[in-house]
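Asks: sharing a model prediction with you, sequence too.
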Amino acid sequence: MSALVQAHAIRKSFRHTEALRGVSLEVAPGEALAITGPSGSGKSTLLLCLAGILRPEAGEVYYDGTPLGGLGDTERTRLRRREMGVVLQFGQLVPELTVVQNVALPLLLDKHERPSAHRAALAWLERLGGLELADASPAELSGGQAQRVAVARALVAGPRVIFADEPTGALDTVAGEQVLGQLLEAVRGTGAALVLVTHDNRVAARADREVAVLDGVIAGTGVLS
Ligand code: ADP
């Protein structure tokens, strides 16, 4: 099967740090891929390059065969909004908006009508067991609840791939397990691919495949069962 996301020999530096030193990898449609490695190995930088948020200095990232480097900022933003969902470590919800408004945001930014965006957001909250949180403010949520809302927001636009950077890293074991279970169930239910950055082997073990990064290069890869 052809790759949904493909990195070809990408390099990325920050001042004197070479965060990525020639990384190639492919994400197949619908697969859950874990990117693992110790802190500072380049995992987040790789994720941000795959999601088209950071531009690599050399090499190329392809989304469904399209080189992201060839797209202007507006086109890349539109592509990300329509095709990709992102979940970061702390939810990153907009504090001034309610939960349901946060979940609806990707659709509103993509110029959907407010009522249909609102309905879609409520449907995702319900699916993830968070309907009662709809009118709450992000400040009222526990860490696990905030991540559940972030998962709903990442899925609301029907993305083909979700990029998650340590989505359970700030949660206790029980809440982390719940959020991870919901994320995996949601991507498997929708057929979306998942690229999951984690330094936690138990989290990585829930993915279909693992790629280990060390000092900015791929140090190993394996199929998980
Ligand atoms: P990981 O996600 O595995 O912890 P990162 O991709 O965050 O690794 O970082 C890889 C290397 O790049 C580290 O040495 C880090 O300090 C450096 N780095 C990452 N982002 C930045 C940045 N915005 N500015 C400067 N250095 C950075």
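Replies: Structure's in. What do you need?
Asks: identify the residues contacting T36.
Replies: K43, V197, T198, H199, N201, A204, E210, V211, A212, V213 (Cβ atoms under 8 Å, 6 or more residues apart in numbering). Backbone N, C-alpha and C define where each C-beta goes, glycine included.
Asks: residue contacts, the fourth one?
Replies: H199 is in contact with T36, G37, P38, S39, K43, E166, G169, counting by Cβ under 8 Å, 6+ apart.
Asks: likewise the third one?
Replies: For T198, the contacting residues are A34, I35, T36, E166, T168, G169, A204, by Cβ under 8 Å, 6+ apart.
Asks: any stretches of the protein with poor pLDDT?
Replies: Within the chain, the segments meeting pLDDT under 70 span 1, 224-225.
Asks: is the most centrally placed residue in the chain part of a helix or strand, or is it coil?
Replies: The chain has F163 as the residue nearest its centroid, 1.7 Å off, counting by Cα atoms, centre = their mean. Here F163 takes the strand state, with states given by DSSP: H, G, I helix; E, B strand; the rest coil.
Asks: i'd like the first residue to be 3 from this point on
Replies: All set: I'll call the first residue 3, so the last point we hit is now F165.
Asks: would you list the buried entries among the contacts of T38?
Replies: Among the contacts of T38, those buried by neighbour count (16 or more other Cβ atoms under 10 Å) are K45, V199, T200, A206, E212, V213, A214, V215.
Asks: of these, list those near the ligand.
Replies: K45 (Cβ under 6 Å from any ligand atom).
Asks: pipe the buried ones among the contacts of T38 into CSV and attach secondary structure and distance to E28 per row.
Replies: Listed next are the buried ones among the contacts of T38 as CSV, based on DSSP: H, G, I helix; E, B strand; the rest coil; distance: Cβ to Cβ, whole Å:
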residue, secondary structure, distance to E28
K45, helix, 17
V199, strand, 16
T200, coil, 19
A206, helix, 18
E212, strand, 14
V213, strand, 10
A214, strand, 15
V215, strand, 15
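Asks: picking that back up, neighbour-wise, which one of the contacts of H201 leads?
Replies: Of the contacts of H201, K45 is surrounded by the most neighbours, 26 neighbours in total, counting by other Cβ atoms under 10 Å.
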